[in-house]
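Trainee: Provided below for reference: sequence and predicted model.
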Amino acid sequence: MEAIIEEYVQSVRTLRKETETWEAEKRHYLGRLDTITQEHEARGWWDKFRSSWSYREHVDELTDSIMAANRAMELARQKHVSKQQEVLTRLLDAAIEASPRKREIVEFERVYRAVKEIHEGNEKLVCLGKRALREIGEADSAVSSAQAMEVFDLASDNKGISTLSSISSISASSEMGDAKRAVETFARAVKAHRDRVEALSHDTSPEIIDLGLDMLDLNGRFDIGSIVSLISLSSADSALGEAKEQVHHLLGPIRDATRATAEKCQRDLEALRAAKLEVLLVAQQAIEDAGVAVAANKLLWRVVENHEMAMSASDDRIVVRQPLP
């Protein structure tokens, strides 16, 4: 951790030195600009007129130089702020590793990631369910139109009406296919989400799992195969109606679960960030003890907001990075 602190201190000192250099250059150009302006104003009107062109050239040159110094200072500031943020991130890693709150923070991170994953899965299901309902509605309208045209066709010998009836039937068939695919996609997503939540149950508290499982009706009322098979061209009205009812049956609880996971996700994130900030503030004191004040709290909070602990690729369990020398 000492090496990281020293790296931060050196970055701050380098930025100060570069800023002083550019500030001195800027003051030099401002001084020259003030001098030639005073000299120009002290001249008579004829001398002012004769020297106006060269005067404007000098002013433009000095103004460009001042702006260049300002840009250089801003670029140096941005570079070192980025560097300091990166160093503070590594410092936070090392501070967590050395902290007595390490186990607690790891647990916060593990639970937060599980809740976040479940919440994102819930949100995806809401979107897919709404899309399925939209496609069912469009298919229902197309079927109704095709049925109406079929009635007209039966009551008329007009070839034009017969053609329109055929076109309506083809359109209805296409819309039915879209609805079937949308419901099938929704059903597959429900199963995949259910399986993923069950997998998380091995490493997450029951309270978290309930947020993802309660709305999936694991007792079997929602059967993937039955919904897909409902959508066929025969008995289209009743099939679409039953499919719509089945999707509605899930969407209400899924929306409730999504709101619940959103609230818990936010609470867990706030608890995680508060714990990390507390650890980072302890490390901040070590930097200030080295004679350098840490930049505004905004930078510390940005580090905490963007911080993610390393994950083990083998088992998806959270581990803390090893501290740097």
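Mentor: Nice, thanks for sending it over.

Trainee: Give me the number of neighbouring residues for the closest residue to Y55 other than its chain neighbours.
Mentor: Leaving aside its chain neighbours, Y55 sits nearest to H40 (5.0 Å; criterion: CB to CB, 6 or more residues apart in numbering). To be clear about C-beta, it is placed using only N, CA and C from the backbone, and glycine gets the same treatment. Neighbours of H40 under the rule other CB atoms under 10 Å: 17.

Trainee: what about the helix or strand harbouring H40, average pLDDT?
Mentor: For H40, the enclosing helix or strand under DSSP states H and E is helix 2-42. Here helix 2-42 scores 84 as its mean pLDDT.

Trainee: and if you look at stretch 103-111?
Mentor: Mean pLDDT, computed over stretch 103-111, is 89.

Trainee: Give the buried residues for that stretch.
Mentor: I105, V106, F108, E109, R110, V111 (16 or more other CB atoms under 10 Å).

Trainee: Report the helix or strand with the lowest average pLDDT across the protein.
Mentor: Every helix and strand in the chain was compared by mean pLDDT, DSSP states H and E; the lowest is helix 224-230, with a mean of 47.

Trainee: angle of the following helix or strand past the helix holding H40 against helix 2-42?
Mentor: Helices and strands here follow DSSP H and E; after helix 2-42, the next one along the chain is helix 45-98. Using axes from the mean of the first three to the mean of the last three CA atoms, to 10 degrees, the inter-axis angle of helix 45-98 relative to helix 2-42 is 170 degrees.

Trainee: So what's the gap between helix 45-98 and the chain middle?
Mentor: 32 Å (CA atoms, centre = their mean, to the nearest Å).

Trainee: and the next element down the chain from that helix?
Mentor: Toward the C-terminus, helix 45-98 is succeeded by helix 102-154 as the next helix or strand (DSSP H and E).

Trainee: for that following helix, packing partners?
Mentor: Applying 3 or more CB pairs under 8 Å, 6 or more residues apart in numbering; DSSP states H and E, we find helix 102-154 packed against helix 159-200, helix 206-213, helix 236-289.

Trainee: any idea which of these scores lowest on pLDDT?
Mentor: helix 206-213 (a mean of 52).

Trainee: Any figure for the gap between E6 and R32?
Mentor: 40 Å (CB to CB, to the nearest Å).

Trainee: brain fart, T21
Mentor: According to CB to CB, T21 and R32 sit 17 Å apart.

Trainee: Out of the helices and strands packed on helix 102-154, which is closest to S51?
Mentor: Among these, helix 236-289 comes nearest to S51, with 54.3 Å by CB to CB.

Trainee: Tell me which other helices or strands that closest one touches.
Mentor: helix 2-42, helix 45-98, helix 102-154, helix 159-200, helix 206-213, helix 224-230, helix 297-306.
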